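>>> sequence unknown, structure follows:
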């Protein structure tokens, strides 16, 4: 059973367009992390959200944690080719000790 | 500095070989992790070390043997692997073993078993 569902699985957009991807669950998380991964490389941590309703911005990327701490979204404004990558969300479970539950990822392709 | 380093970057080994993967971090983190990632799949947790002691083993076959010589180093010893073990092996670390602490990943070792 996949604890975190990410949608859409694949998204292709033109440079300059906006996009939003989602990470949903029926479980409550103590925190949720977003990573970006390039092919053959390790995931790079983008942001951690901890408080329900929290919004964090990283340049053109806006991350929101749902009020109930069960879901999150990532919005990219004016996407650039450098935003291309696999976006992984990972939730820290209260009862999971050190475990992170990973979603399968949102593959984003920004076409120049 | 949030850097985790891994060596080697690529490794090709036969099924009878013995090899080791190495991971290092100098962030003072006290929890370190090994993950396995197959193509188009999310990372799968293999082992967790907490304060240099093995705290989680996710039922990993004994042909994978982790070792934590000190708080900065993590090794994964490989022996008699199978072709299906070919994958990207990722090391990660976090400040402490708490669930709310961020995990920082290394660049990975691409392992091919022939």
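Thanks, I have it. From a predicted model like this one, the values you see are computed outputs, not experimental measurements.
>>> which secondary element of chain B has the worst mean pLDDT?
strand B:53-57 (a mean of 91; mean pLDDT, DSSP states H and E).
>>> what's the helix or strand sitting right after that strand along the chain packed up against?
Counting by DSSP states H and E, the next helix or strand C-terminal to strand B:53-57 is strand B:64-70. When contacts are defined as 3 or more CB pairs under 8 Å, 6 or more residues apart in numbering or on different chains; DSSP states H and E, strand B:64-70 sits against strand B:44-50, strand B:53-57, strand B:73-79. Where C-beta positions appear, they are placed from N, C-alpha and C, glycine not excepted.
>>> mind running it again at 10 Å?
strand B:18-25, strand B:31-37, strand B:44-50, strand B:53-57, strand B:73-79 (3 or more CB pairs under 10 Å, 6 or more residues apart in numbering or on different chains; DSSP states H and E).
>>> residue ranges in chain B under the pLDDT threshold?
Counting by pLDDT under 70, chain B has low-confidence residues at B:1-2, B:97-100.
>>> and for residue A:43, the neighbour number?
By the criterion of other CB atoms under 10 Å in any protein chain shown, residue A:43 has 29 neighbours.
>>> typo on my end, it should be residue A:69
22.
>>> again with residue A:23
28.
>>> again, but for residue A:45
With other CB under 10 Å as criterion, residue A:45 counts 18.
>>> quick one: residues contacting the nearest residue to residue A:68 once chain neighbours are set aside.
Distances taken as CB to CB, 6 or more residues apart in numbering or on different chains place residue A:52 nearest to residue A:68, at 6.2 Å, with adjacent residues excluded. Taking CB atoms under 10 Å, 6 or more residues apart in numbering or on different chains as the contact definition, residue A:52 lies against A:28, A:65, A:66, A:67, A:68, A:69, A:70.
>>> can you tell me which of the residues you listed has the most neighbours?
residue A:65 (24 neighbours).
>>> bridging residues for that one?
On the basis of DSSP bridges, residue A:65 takes part in beta bridges with residue A:72.
>>> what does residue B:5 give?
Bridge pairing for residue B:5 - DSSP bridges - gives residue B:24.
>>> ok, now how distant is it from residue B:45?
Separation of residue B:5 from residue B:45 (CB to CB, to the nearest Å): 20 Å.
>>> so for those two, which sits in the more crowded spot?
residue B:45 (21 against 12).
>>> how close does the more buried one sit to residue B:95?
Taken as CB to CB, the span from residue B:45 to residue B:95 is 18 Å.
>>> check residue B:84 too.
For residue B:84 relative to residue B:95 (CB to CB), the value is 34 Å.
>>> can you verify my assumption that residue B:103 contacts residue A:91?
No: using CB atoms under 10 Å, residue B:103 is not in contact with residue A:91; the gap is 11.9 Å.
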